[in-house]
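Participant: After the sequence you'll find the predicted model.
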Amino acid sequence: MKKVLIISPHFPPVNAPDMQRVRMSLPYYKDLGWEPVVLCVDDKFVSGYKDALLNETIPSDVEVHKIKAWPESFTRRLGIGSLSLRSYYHFKKAGSKLLSQREFDLVFFSTTLFHVCALGRYWQKKFGVPFVVDMQDPWRNDFFLTKPKSQRPPKFWLTYLLNKKLEAYTMPYAAGLMSVSQAYIDNLKSRYHALDSRPSLLLPFGLSDKDFQLVQQKNITPEIINGKKISVVYMGAINKFFLPLIKAFFIAFKKAVPNTEAYHFYFIGTNYSMSVNKKPVEKIGKELKIEHLITEVPQRIPYFSALSTIMHADILFIPGSSDADYNASKVYNNIFSGKPIFSIFNEKSLVKEAINETAAGVVVGISETDTQETLVQKIEEAMPHFMQLHQKKVELKPGPLKKYLATSMAEQQTRFFARVLSCYVAPFLVLMDGCTV
């Protein structure tokens, strides 16, 4: 049996999107011929949302090593809050110990805390073990380079230059690339031509049917929604790129729906931070004089409570992005919930394809060139479908749905791991004859 060392700083009970691929796949790796060993940060050193029930989804026979991190209360004084920077030394020490004492075939980084991925090159050189990086987001992100200073995030240049340096140090040496977006793979290969000969895999986020079974077994009840009106639920963070789509939706909603009072919209867990109480969606509601139809809860609710809540909604609303590369992890749980979806995504998005091919709901296809006027027009044209959704019984197509299940995702990962190994010759990373990328 092959052995893979998985680097996932976030891990249950921490409820973070970037650990979900690993968490959902762990029950299946061994049956597919791979023994996983997980290296993560002890949740005592992780700030953020936690759900103890997530621990029950991790098989008892999976080996998990929890490491320390520098306390955030100390590093914040130095201007450092990133968990990847706070835990880098500890990952290096613990990972080196495991790799020196045990035989591993592969190191797999699955995280958006990219700084720790730089250890892949270090370990490859020291121990001869190849590494794969799962790109769930861009590491080096050039998006804000053309934006004015007022639109850039805090410490932009410091963060950007560090990410640019570490990405260039690390990625040319990766033995394989996995990503939720083909554009992320293409961008990396255009920057680092050494990657042209390395295997890559486009693998969207998936879902675990076992999670839904656990909701029913534990009889977990929904939160916040009351069922007195037609409940339209969005579950997840809201970034500023979603807001123009949400505003366009509500403008179209007011224009096209005669009985607006029959609906109530719930936006739950809209902020990544536990301490921030900003409510941007309610602000839009006030501007359009429909604030009484909107409830926004910035704080996240536990993962399984969130699943129960979307399972009890009448309609699921997903305001996506005009960016064709955006792939929302939340979409796949929404699909499997069996509740009808109304969503807004780029015409070329993988998410649009997933919703359409599973017959999970309605997708308004948009483009990056759309103005607010054209967005409103496109959404308004779809409003007759929206008004019928709460009466619709969703009949998901099992064939297309199957490929998004955790079992299928794990199968694709392990086949990819094997392909990476067949192409790798330490320490030169050359392409073997007959190896396909």
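Facilitator: All right, it came through fine. Treat the numbers as computed from the prediction; the structure is a model and nothing was measured.
Participant: Only C-alpha atoms from now on, for both contacts and neighbour counts.
Facilitator: Fine.
Participant: Quick one, grab the pLDDT at residue 149.
Facilitator: If you check residue 149, the pLDDT there is 80.
Participant: And residue 204, by the same measure?
Facilitator: For residue 204, pLDDT reads 89.
Participant: how near is the closest residue in space to it that isn't next to it in sequence to residue 316?
Facilitator: Spatial nearest neighbour of residue 204, chain neighbours left out: residue 180 (4.5 Å); criterion: C-alpha to C-alpha, 6 or more residues apart in numbering. Distance from residue 180 to residue 316, counting by C-alpha to C-alpha, to the nearest Å: 22 Å.
Participant: Looking at the two, which one has more neighbours?
Facilitator: More crowded of residue 180 and residue 316, by other C-alpha atoms under 10 Å: residue 316, with 29 against 22.
Participant: wait, is the more buried one part of a strand?
Facilitator: Yes - under DSSP: H, G, I helix; E, B strand; the rest coil, residue 316 sits within a strand.
Participant: which residues pair with it across the strands?
Facilitator: residue 233, residue 341 (DSSP bridges).
Participant: Equivalent analysis for residue 66, please.
Facilitator: Beta-bridge partners for residue 66, by DSSP bridges, are residue 40.
Participant: residues in contact with the lowest-mean-pLDDT helix or strand in the chain?
Facilitator: Ranking every helix and strand in the chain by mean pLDDT, DSSP states H and E puts helix 72-75 at the bottom, with a mean of 79. Residues outside helix 72-75 that contact it (C-alpha atoms under 8 Å, 6 or more residues apart in numbering): 45, 80, 81, 86.
Participant: What separation is there between the first one and residue 59?
Facilitator: Noted for residue 45: a distance of 23 Å to residue 59, by C-alpha to C-alpha.
Participant: Please say which of the two ends up with more neighbours.
Facilitator: residue 45 (16 against 12).
Participant: Apart from its neighbours in sequence, what residue is nearest that one?
Facilitator: In space, and not counting its chain neighbours, residue 45 is closest to residue 69: 5.9 Å by C-alpha to C-alpha, 6+ apart.
Participant: Was I right to think that neighbour contacts residue 86?
Facilitator: Yes - counting by C-alpha atoms under 8 Å, residue 69 touches residue 86, with 5.3 Å between them.
Participant: So which residues of the stretch 251-400 of the chain form strands?
Facilitator: For the stretch 251-400 of the chain, applying DSSP state E, counting those that start in this stretch gives strands covering 263-268, 294-297, 315-319, 341-346, 361-366.
Participant: Sheet partners, orientation included, of the last one?
Facilitator: Based on DSSP bridges, the strands next to strand 361-366 in the sheet, each with its direction, are strand 341-346 (parallel).
Participant: just how off-centre is the partner strand within its chain?
Facilitator: Computed by C-alpha atoms, centre = their mean, to the nearest Å, the separation of strand 341-346 from the middle of its chain amounts to 17 Å.
Participant: now it and strand 315-319, what's the angle there?
Facilitator: Interaxial angle, strand 341-346 versus strand 315-319 (axes from the mean of the first three to the mean of the last three C-alpha atoms, to 10 degrees): 10 degrees.
Participant: tell me which residues in strand 341-346 are buried?
Facilitator: 341, 342, 343, 344, 345, 346 (16 or more other C-alpha atoms under 10 Å).
Participant: Flag the least confident of these.
Facilitator: Among the buried residues of strand 341-346, pLDDT bottoms out at residue 346, giving 88.
Participant: ok, residue 108 touching residue 6?
Facilitator: Yes - with contact defined as C-alpha under 8 Å, residue 108 reaches residue 6; the gap is 4.8 Å.
Participant: okay, and for the protein, where does confidence drop off?
Facilitator: Along the chain, segments meeting pLDDT under 70 span 274-275, 425-437.
Participant: That one - how does it break down into domains?
Facilitator: 2-206+406-423, 209-398 (automatic domain parsing).
Participant: re earlier: kindly indicate which of the contacts of helix 72-75 lies nearest residue 137.
Facilitator: Distance to residue 137, by C-alpha to C-alpha, is smallest for residue 81 among these, at 19.1 Å.
Participant: Roughly how far does the closest one sit from residue 396?
Facilitator: In this view, residue 81 and residue 396 are 43 Å apart by C-alpha to C-alpha.
Participant: which residues in the stretch 101-250 of the chain form strands?
Facilitator: In the stretch 101-250 of the chain, the strands defined using DSSP E, counting those that start in this stretch lie at 106-110, 131-135, 176-179, 200-202, 230-235.
Participant: Now render those as JSON lines, adding mean neighbour count and distance to residue 220.
Facilitator: Compiled in JSON lines, those are given as follows (neighbours: other C-alpha atoms under 10 Å; distance: least, C-alpha to C-alpha, whole Å):
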{"stretch": "strand 106-110", "mean neighbour count": "25", "distance to residue 220": "29"}
{"stretch": "strand 131-135", "mean neighbour count": "24", "distance to residue 220": "32"}
{"stretch": "strand 176-179", "mean neighbour count": "24", "distance to residue 220": "33"}
{"stretch": "strand 200-202", "mean neighbour count": "20", "distance to residue 220": "34"}
{"stretch": "strand 230-235", "mean neighbour count": "23", "distance to residue 220": "16"}
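Participant: and residue 153, which of these is closest to it?
Facilitator: Closest of the strands of the stretch 101-250 of the chain to residue 153 is strand 131-135, at 21.1 Å (criterion: C-alpha to C-alpha).
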